[in-house]
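Asks: only geometry, no sequence info:
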């Protein structure tokens, strides 16, 4: 019933937005002003639909719990860390890899030290008895069945985030800015691309997604080890490279990165279920990274030759 209400409210908001747009479209303007007016109309339509969607989602108790938790949770800290990394990269000109690696080591030590100071161990306390745990577990770590198949909610989030990122890159002005900044930052700045805002926004987006994955781990096991994820930082880079993203920037796709992550996930599980020695997984990682870098270099050289 709540889902039907949500769908009804969103549909109503879309109808209202369309009526407002039709009303505004009747106004005749000079060609120069018409372009700016068209952008205003689309922005207004998007705002009306977004507010309708937000209002509808707040009818769901789980979403209300999530919205309340976001105001005073680690999500804010993740965004701040992303902003700091992006600002520091743009301010100093130091390669982002070194900035983020330095921040990673600092946060790793801080995480271990503070957790051990507060709990006496390197793990957080069990939160399964916390108020609202069930609602947030439903969002981050639930599962559902389709026939005989059990599907984790993280698969849905994975597909949803991939779809949103693909739409953002390929269908919006911001996506064009991202490709431009990655391809040639100096040229992008020369044509008016807000270089600093784009890069800082990307760092903050990565921070938010890292927070989301951390919430999944927390609500899946009710506790988290302080060293969780340490050593996997290069796997994410490898997945993106295997998915076709250029290390030099300016080329790639979220779908390719998702396929790269899928390949590694299936390989890890396949080695376990096949009964092979788990050490072969590391060998596979190295071989795939080397192959991906070689292919990456070939694609880059091919693209440069086509341009010339």
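Replies: Ah, there it is. All of these numbers come straight from a predicted model, not from anything done at the bench.

Asks: show me where pLDDT drops low in the stretch 101-250 of the chain?
Replies: Along the stretch 101-250 of the chain, the parts satisfying pLDDT under 70 run over 131-132.

Asks: all helices of it, in order?
Replies: Secondary structure of the stretch 101-250 of the chain (DSSP state H, counting those that start in this stretch): helices at 133-140, 153-171, 173-183, 185-190, 195-221, 233-242.

Asks: The fifth one relative to helix 173-183, how many degrees between them?
Replies: Going back to what we said before, that points to helix 195-221. Put simply, helix 195-221 runs at 100 degrees to helix 173-183, going by axes from the mean of the first three to the mean of the last three Cα atoms, to 10 degrees.

Asks: Report the buried residues of helix 195-221.
Replies: Neighbour counts over helix 195-221 (16 or more other Cβ atoms under 10 Å) mark 195, 198-204, 206-207, 211-212, 214-221 as buried. Heads up, the C-betas are built off the backbone N, CA and C, glycines and all.

Asks: do the third one as well
Replies: Along helix 173-183, the positions that meet the burial threshold by neighbour count (16+ other Cβ under 10 Å) are 177-182.

Asks: Which neighbouring elements make contact with that helix?
Replies: For helix 173-183, the elements it packs on are helix 153-171, helix 185-190, helix 195-221, judged by 3 or more Cβ pairs under 8 Å, 6 or more residues apart in numbering; DSSP states H and E.

Asks: Could you export the buried residues of helix 173-183 as a markdown table, including distance to residue 27?
Replies: Formatted as a markdown table, the buried residues of helix 173-183 follow (distance: Cβ to Cβ, whole Å):
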| residue | distance to residue 27 |
| --- | --- |
| 177 | 30 |
| 178 | 33 |
| 179 | 34 |
| 180 | 33 |
| 181 | 36 |
| 182 | 39 |
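
Asks: Give me the distance between residue 280 and residue 268.
Replies: 11 Å (Cβ to Cβ, to the nearest Å).

Asks: Same drill for these two, tell me which one is more crowded.
Replies: Remark: of residue 280 and residue 268, residue 268 carries more neighbours, 15 against 12, as counted by other Cβ atoms under 10 Å.

Asks: what's the closest non-adjacent residue to that one?
Replies: Spatial nearest neighbour of residue 268, chain neighbours left out: residue 281 (5.9 Å); criterion: Cβ to Cβ, 6 or more residues apart in numbering.

Asks: Wait, the one you found touches residue 274, no?
Replies: No. The pair residue 281 / residue 274 is not scored as a contact, 11.0 Å apart, by Cβ atoms under 8 Å.

Asks: more neighbours, the two?
Replies: Taking other Cβ under 10 Å, residue 281 and residue 274 do not tie; residue 281 has more neighbours (15 against 8).

Asks: Within the helices and strands, which one has that one?
Replies: Per DSSP states H and E: residue 281 is located in helix 279-307.

Asks: Show me what that helix packs onto, helices and strands only.
Replies: With contacts taken as 3+ Cβ pairs under 8 Å, 6+ apart, helix 279-307 sits against helix 233-242, helix 254-273.

Asks: which of those helices sits most buried?
Replies: helix 233-242 (a mean of 18; mean count of other Cβ atoms under 10 Å).
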